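[1] Fold the following, please.
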Amino acid sequence: MALPNVGGGYQVADGNTNELTMTVRPQVNAISAAYTLTAADFASGIVSATSSGNYAVTTPTGAVMDAAFTNAKVGSSFEFSITHGSATNVITLTAGASGVTIVGLATVTGITSGTWVFRKTAAATWSAYRI
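    Down below sits the predicted model:
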C-alpha cells in the first residue's frame, strides 16, 4: 500500500480509513549515563539509551512537569518510551524527588524498550504506568 500524499488532518467516522495517522516529533535524545528527563524528551516521546553500566533515568518532579505542561488537566496523559541498545546492563526509570510515582516494572534491560503512560492524577502529581 502506498502512503497517501493528499489530504491531511484527522477524520472521524468513515473518513479515509486506509490513511496512516502521522505526527511530528522533535529529535530523539540519545543518552549514555544517568540523566534527568526534560519536557523536550517527553515531547519527542522517546529517549534512546546506551550504556557501559547500569544507570537511572529520572523524571522531573510533579511540579516541574506541571510547569512544563500548563494545559494538562487531571486525567491528561501521554506515552513515553526508553529504548536500550546495549546488550548488557539495566536502565531504570526513577521518580523525581516528589510528585511522580512509577507503577509497574521500572527497568529496561539490554536490547529492549519500555513504555509508560504518564497520567496527571492531581496538581503536581503524576503516575507513570508501565505498559
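[2] now the helices for this protein?
    Applying DSSP state H to the chain gives helices spanning 39-44, 62-68.
[3] quick one: contacts for T70?
    By C-beta atoms under 8 Å, 6 or more residues apart in numbering, no residues touch T70. Any C-beta I mention is one placed from the backbone N, CA and C, and that applies to glycine too.
[4] wait, I meant V47
    If you count contacts by C-beta under 8 Å, 6+ apart, V47 has them with V28, N29, A30, I31, Y35, L37, D41, V57, F80, S81, I82, T83.
[5] Would you mind listing the two of these that lie farthest apart?
    A30 and F80 (15.4 Å; C-beta to C-beta).
[6] Have a look at this protein and report its longest strand.
    In the chain, with assignment by DSSP state E, the single longest strand is strand 112-122.
[7] what residue ranges in this structure are flagged as low confidence?
    Applying pLDDT under 70 to the chain picks out residues 1-21.
[8] Pick out the residue nearest the middle of this protein.
    F80 (1.3 Å; C-alpha atoms, centre = their mean).
[9] which residues does that residue bridge with?
    Beta-bridge pairing for F80 (DSSP bridges): W116.
[10] could you measure it against S52, distance?
    Using C-beta to C-beta, to the nearest Å, we find F80 at a distance of 24 Å from S52.
[11] which of the contacts of V47 count as buried?
    For the contacts of V47, a neighbour count by 16 or more other C-beta atoms under 10 Å gives the buried set as I31, Y35, L37, D41, V57, F80, S81, I82, T83.
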